[in-house]
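Engineer: got a predicted structure here, sequence first:
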Amino acid sequence: MTATIEKDVWPTKYWEDVGHERVQCNVCPNHCRLAEGQRGACFVRANHGGQIVLTTYGRSSGFCIDPIEKKPLNHFLPGTPILSFGTAGCNLTCRFCQNWSISKSRELDTLMDEASPEIIARAAKELGCSSVAFTYNDPVIFMEYAMDIADACHERGIKAVAVTAGYICAEPRREFYTHMDAANVDLKGFTDHFYKAICGGQLDNIKETLVYLVKETNVWTEITTLLIPGENDSAEEVDALTKWCREALGPDVPLHFTAFHPDFKMLDRPPTPPATLIRARQIGLRNGLRYVYTGNVHDTTGGTTFCHACGAKLIVRDWYEMLEWNLSDDGRCKKCGAKCAGVFNGPAGDWGARRQPVRLRDFARR
């Protein structure tokens, strides 16, 4: 925590006065209790004037157009471009963070781009993006900014996507997800020890978020688990995780097992062998999940969407390139007519694997 905050702050509502000249943030289970001028563990929410404020509203660490499959979302508007951005900070402390230069930043200089929700929505529309992603760091910590952007996007027919660890309390969770169309939630492991020792969080809270999303909202939801050698990649843990997904969420929620590479504070671990991801995918399929994928490795089979009814190849992918599309416009298998779970809107997009940086200041001048 630091005693310095910016002059430009944004009011928030999920906090309470707990006495002793401190206020408590109630956005996430960290429940940071802050004295005047202090920032929370996330770095972006602070005590300013006896209330919790957001210090990064309207500021971003940069914008880029990605393929939506990179989020990863394989069943939400496949093949389309998505305008991606983040801010700074995070409410978890994952030792393996792959975006640590952004999510672990404690410098507001990281926030190079300034953009209002209206400018972001207009840019997404003019750039031909079907959706906007709050990613690189967790949007729950800048939820007020993310929700306003989502609303501005919806006015222009643009979807809103949250790429999140799901670490959020029940009341703000309900409000936040009324503004979202899709989410990819990191289920980082499946033991309390892993979450506490490696991530600084609580597994039960993430499970609550997933159950809420799948059972109580219309937010299209997919899950990502980064498999780290020697930490969360055992067959027993993968078996428990996939059984829970099938029992608690049902068979249709896509699950992505992705490869770890040494980064941040886990430079002593080797990259995940492709065989580990392939084994995890097989375990998930055996436990009744219909859509299990491998990521961050070259595995065409593990990137392909198969029909759960007849086994036909519905979408064949090579990394982020789409090689085959065998779905009707409403998402049905062309061979047997079975419905593929997901959000489909006509033929697949053709964005491919391109990655295009964007300068929002160019749109602000218009």
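Structural biologist: It's in.
Engineer: contacts and neighbour counts: CA atoms only from here.
Structural biologist: Fine.
Engineer: so how far is residue 277 from residue 296?
Structural biologist: The spacing between residue 296 and residue 277, counted by Cα to Cα, to the nearest Å, is 10 Å.
Engineer: out of these two, which sits in the busier spot?
Structural biologist: Between residue 296 and residue 277, counted using other Cα atoms under 10 Å, residue 277 has the larger neighbour count: 25 against 16.
Engineer: can you list the buried residues in the strand or helix carrying that one?
Structural biologist: Using DSSP states H and E, the element containing residue 277 is helix 274-286. Using 16 or more other Cα atoms under 10 Å as the test for burial, helix 274-286 gives 274, 276, 277, 278, 279, 280, 281, 282, 283, 284, 285.
Engineer: residue 120: neighbouring residues, count only.
Structural biologist: The local packing of residue 120 (other Cα under 10 Å) involves 24 other residues.
Engineer: quick one: it and residue 150 touch, right?
Structural biologist: No. In this structure, residue 120 sits apart from residue 150 without contact. The criterion is Cα atoms under 8 Å, and the distance is 9.6 Å.
Engineer: in this structure, which segments are predicted with low confidence?
Structural biologist: For the chain, the stretches flagged by pLDDT under 70 are 1-8, 99-113, 264, 364-366.
Engineer: neighbouring contacts of the longest strand anywhere in it?
Structural biologist: Ranked by residue count under DSSP state E, the longest strand found in the chain is strand 220-227. In this structure, residues lying in contact with strand 220-227 by Cα atoms under 8 Å, 6 or more residues apart in numbering are 72-73, 76, 181-189, 213-214, 233, 253-260, 272, 277, 342-343.
Engineer: helices along this structure, start to end?
Structural biologist: Using DSSP state H, the helices found in the chain span residues 100-103, 117-126, 143-154, 170-177, 192-194, 203-216, 235-244, 274-286, 300-303, 360-364.
Engineer: out of those helices, nearest to residue 20?
Structural biologist: For the helices of the chain, the distance to residue 20 is smallest for helix 170-177, at 25.0 Å, taking Cα to Cα.
Engineer: if we can go back for a sec, the longest strand of the chain vs helix 274-286, what angle?
Structural biologist: Relative orientation of strand 220-227 versus helix 274-286 (axes from the mean of the first three to the mean of the last three Cα atoms, to 10 degrees): 140 degrees.
Engineer: count the neighbours of residue 339 for me.
Structural biologist: 16.
Engineer: tell me what it is bridged to.
Structural biologist: Judged by DSSP bridges, the bridge partners of residue 339 are residue 332.
Engineer: how about the contacts made by it?
Structural biologist: Remark: with contacts taken as Cα under 8 Å, 6+ apart, residue 339 is in contact with 331, 332, 333.
Engineer: go again with 10 Å.
Structural biologist: Residue 339 makes contact with 307, 308, 309, 327, 328, 330, 331, 332, 333 under the criterion Cα atoms under 10 Å, 6 or more residues apart in numbering.
Engineer: do the same with residue 205
Structural biologist: In this structure, residue 205 makes contact with 28, 29, 166, 167, 168, 169, 170, judged by Cα under 10 Å, 6+ apart.
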